[in-house]
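Enquirer: give me the fold of what follows.
(4 chains)
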Number of protein chains: 2
Amino acid sequence: MSAITERRERERAQRHQLIITAARELAETEGWEAVTTRRLAERVEYSQPVLYSHFNGKEAIMRAVALEGFGELAALLRAAQPGGLRAVAGAYLAFAAERPALYQAMFVLPTDVKFAHAETPPALRACFDAFVGCFAAGHPRRELFAEVSWGALHGIAALAENGRIPPEGQADRLDVLVTQFAGG
Amino acid sequence: MSAITERRERERAQRHQLIITAARELAETEGWEAVTTRRLAERVEYSQPVLYSHFNGKEAIMRAVALEGFGELAALLRAAQPGGLRAVAGAYLAFAAERPALYQAMFVLPTDVKFAHAETPPALRACFDAFVGCFAAGHPRRELFAEVSWGALHGIAALAENGRIPPEGQADRLDVLVTQFAGG
DNA sequence: GAGTCAATTCTAGCAGTGCTAGACATCCTG
DNA sequence: CAGGATGTCTAGCACTGCTAGAATTGACTC
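Expert: Residues are numbered from 1 along each chain as shown, chains lettered A, B, ... in the order given. Got it, this is the predicted structure:
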């Protein structure tokens, strides 16, 4: 009995992850507008209602995908940490450029995820902390600088992603941004 | 005959503008997700197909709204021009905060409007030029600096708008941004 | 004025969306 | 092997953007 329910829960958890992965892959190959509950259900080889037994709706699935993204981004930024702001910022822009759909779920699409809040997911907080760590410990407005440099990077990334800025100039923009902020 | 067709064209142009205004108002009061062709048609007191005789679909209506926004933003930025980067950046953030839906149509939602291109609408180019004008005429990388400072502002505005950053800290962020860029 | 005809506007409907109630099947328990 | 809970699916709702073809309007000719 206990063994059976355990197995069931294991299978359920597997399917849970399968849905997240399928949604992410679909979004990364065809964009979020192509991620419909019907296509997603077909992809995981279950009917639509199964999705709703795992998630509280489509938005919840996207939130789960975004959460996965926060974990990956945090790892990348932490790895770049020793290289200072230039390396962290470069890693950030590379992440945004290489996984546009994932980045969109994390930072562009409407979300319920709490930012700068007590309930902020640890992975997300770790991302922010990577930026904070780029400024000296004694810096009087350390958090503020982290926030602004992150925001600035996001602007560059977002505009490039939706075609408002030519993507090929990102390296130059990164250089300007880092130079202006590292000097302060 | 000519007088009649002229009157008809006049009425048609009026209705054209009515649709744009209605879409904008609806978006500004309830958000773009509330702007459906049915609700918009009801608002202008015509049936849905009329919308399609004026615009090539919902996206075209949003593009028209965005274009209106570019004109207004350009006027605001030009007026702030004498105050330098601080004034221009402040006007930009104020615009984004006061007309979030309009700003979203201009810079966040998918669009076909050409940026940094031969077909770029004059109003949009004027917005960019306002940023360029904030840097000395002899500045070696004038356009690049304009691009990056605009991008940085967009990041701050976008993150604040969708709840990723507490909106009450915008003044401090603006201060940091301007200080770092005006110094270069 | 009455009739004709073109331009305009609307009704009705298509294929798609997110989501859900209730029927159905499956599997464990006694 | 029957009973019952668990899980899954079918079918459908109200909505979306969009459009074909019917209906109406209104300007022009006789």
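
Enquirer: which parts of chain A are strands?
Expert: All residues of chain A lie outside strands when identified by DSSP state E.

Enquirer: near DNA strand D, which residues of it are found?
Expert: Taking C-beta under 7 Å from any atom of the strand as the test, the list of chain A residues beside DNA strand D reads A:8, A:12, A:46-50, A:53. For every residue, glycine as well, the C-beta is placed using N, CA and C.

Enquirer: tell me the one of those residues nearest chain B?
Expert: The nearest member of the residues of chain A next to DNA strand D to chain B, counting by C-beta to the nearest C-beta, is A:Gln48 at 21.5 Å.

Enquirer: that closest one - nearest residue in space that isn't next to it in sequence?
Expert: By the measure of C-beta to C-beta, 6 or more residues apart in numbering or on different chains, the closest residue to A:Gln48 outside its immediate chain neighbours is A:Ala41, 4.5 Å from it.

Enquirer: mind listing what the one you found touches?
Expert: Under the criterion of C-beta atoms under 8 Å, 6 or more residues apart in numbering or on different chains, the contact partners of A:Ala41 comprise A:47-48, A:50-51.

Enquirer: if we use 10 Å, what do you get?
Expert: Remark: with contacts taken as C-beta atoms under 10 Å, 6 or more residues apart in numbering or on different chains, A:Ala41 is in contact with A:19, A:22, A:47-52.

Enquirer: need the buried ones from those selected in PyMOL.
Expert: Entered in PyMOL, the line below selects the buried ones among the contacts of A:Ala41, by 16 or more other C-beta atoms under 10 Å in any protein chain shown:
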select buried, chain A and resi 19+22+51
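
Enquirer: the contacts of A:Ala41 in helices, which ones?
Expert: Of these, the ones assigned to helices by DSSP state H are A:19, A:22, A:48-52.

Enquirer: right, and the pair among the residues you listed with maximum separation?
Expert: Distances among these were taken as C-beta to C-beta; the most separated pair is A:Ala22 and A:Pro49, at 16.0 Å.

Enquirer: what about chain A, any weak spots by pLDDT?
Expert: Under the criterion of pLDDT under 70, the regions of chain A flagged as low confidence span A:1-5, A:183-184.

Enquirer: per-domain residue ranges of it.
Expert: As recorded under automatic domain parsing, the domains making up chain A are A:1-55, A:65-184.

Enquirer: right, is the longest one up against DNA strand C?
Expert: Think domain A:65-184. No. Counting by C-beta under 7 Å from any atom of the strand, no contacts exist between domain A:65-184 and DNA strand C, the nearest distance being 12.1 Å.

Enquirer: that domain: how far from the chain's middle?
Expert: Mean C-alpha position of domain A:65-184 versus that of the full chain (C-alpha atoms, centre = their mean, to the nearest Å) differs by 10 Å.

Enquirer: and the residue lying closest to A:Leu109 once chain neighbours are set aside, what is it in contact with?
Expert: Using C-beta to C-beta, 6+ apart and skipping the chain neighbours, the partner closest in space to A:Leu109 is A:Met62 (6.5 Å). In this structure, A:Met62 makes contact with A:20, A:23-24, A:27, A:32, A:35, A:55, A:104-106, A:109-111, judged by C-beta under 10 Å, 6+ apart.

Enquirer: quick one: the helices in chain A?
Expert: Read by DSSP H, chain A holds these helices, from start to end of the chain: A:2-30, A:37-44, A:48-54, A:58-80, A:84-98, A:100-107, A:122-132, A:142-161, A:170-183.

Enquirer: cool, thanks, signing off.
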